[in-house]
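Novice: mind looking at a prediction? Sequence and model below.
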Amino acid sequence: MDGPSFSLTLPSELRMLSVARGFVDALCTAYEIDRATTHALVIVTGEVITNIVRHAHQHRAEAQMQMDLQILPDAVIMRFVDEGKPFDLESVPQLPPGELRIGGRGVFLMRTLMDELTYEPRHAAEGGNVMRMLKRRKTDGSMRDCG
């Protein structure tokens, strides 16, 4: 069963973090997503946007990033599309939580907070990458129609 989908395209700038997080939080509020799920989605949104700006786009403000959010009866799916070079998510080490190190925590948080996480290059002609994440949510099986 499909649910409503929403998209947001942003310039690749760290100041867009609050816009991206607000987008996710507002949609979760409108569709009465539980607080734990909402919190996890907002946290990973910040981590993904930060990684896109710093690593995929290397602070190139002219690059754009797109985020898509789909609300299903039992889950929320988020997609992030960037214009960076292909990246292998599996190459990021599984860091133990107690390891002292600057950086490298974003992917750890994504893996920990989300139920599914995939990252793959887009078609060669388009360039960039697509990160897809799924978070199962607590629900009574009904979706409110907020339209």
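Specialist: That came through fine. Residues are numbered from 1 along each chain as shown.
Novice: which positions within the helix or strand hosting residue 45 qualify as buried?
Specialist: Residue 45 belongs to helix 35-51 when assigned by DSSP states H and E. By 16 or more other C-beta atoms under 10 Å, the buried positions in helix 35-51 come out as 37-38, 40-49, 51. C-betas here are computed from N, CA, C, even on glycine.
Novice: any stretches of this structure with poor pLDDT?
Specialist: Within the chain, the ranges that satisfy pLDDT under 70 run 1, 88-105, 124, 139-147.
Novice: and the helices in it?
Specialist: Listed in chain order, the helices of the chain (DSSP state H) span 17-30, 35-51, 105-113.
Novice: reformat the ones you listed as TSV; add distance to residue 61.
Specialist: Listed next are the helices of the chain as TSV, based on distance: least, C-beta to C-beta, whole Å:
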stretch	distance to residue 61
helix 17-30	14
helix 35-51	13
helix 105-113	20
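Novice: ok, which of these comes nearest residue 60?
Specialist: Closest approach to residue 60 among the helices of the chain (C-beta to C-beta): helix 35-51, 14.0 Å.
Novice: so the closest one versus helix 17-30, what angle?
Specialist: With axes from the mean of the first three to the mean of the last three C-alpha atoms, to 10 degrees defining the directions, helix 35-51 sits at 160 degrees from helix 17-30.
Novice: tell me the angle helix 35-51 makes with helix 105-113.
Specialist: With the same axes, to 10 degrees as the basis, helix 35-51 and helix 105-113 are set at 150 degrees to each other.
Novice: tell me the helices and strands packed up against helix 35-51.
Specialist: Counting contacts by 3 or more C-beta pairs under 8 Å, 6 or more residues apart in numbering; DSSP states H and E, helix 35-51 is packed against helix 17-30, strand 64-71, strand 75-82, helix 105-113, strand 129-136.
Novice: recalculate using a threshold of 6 Å.
Specialist: Applying 3 or more C-beta pairs under 6 Å, 6 or more residues apart in numbering; DSSP states H and E, one finds that helix 35-51 makes contact with helix 17-30, helix 105-113, strand 129-136.
Novice: residues making contact with it?
Specialist: Residues outside helix 35-51 that contact it (C-beta atoms under 6 Å, 6 or more residues apart in numbering) are 17, 20-21, 24-25, 28, 80, 106, 109-110, 113, 135, 137.
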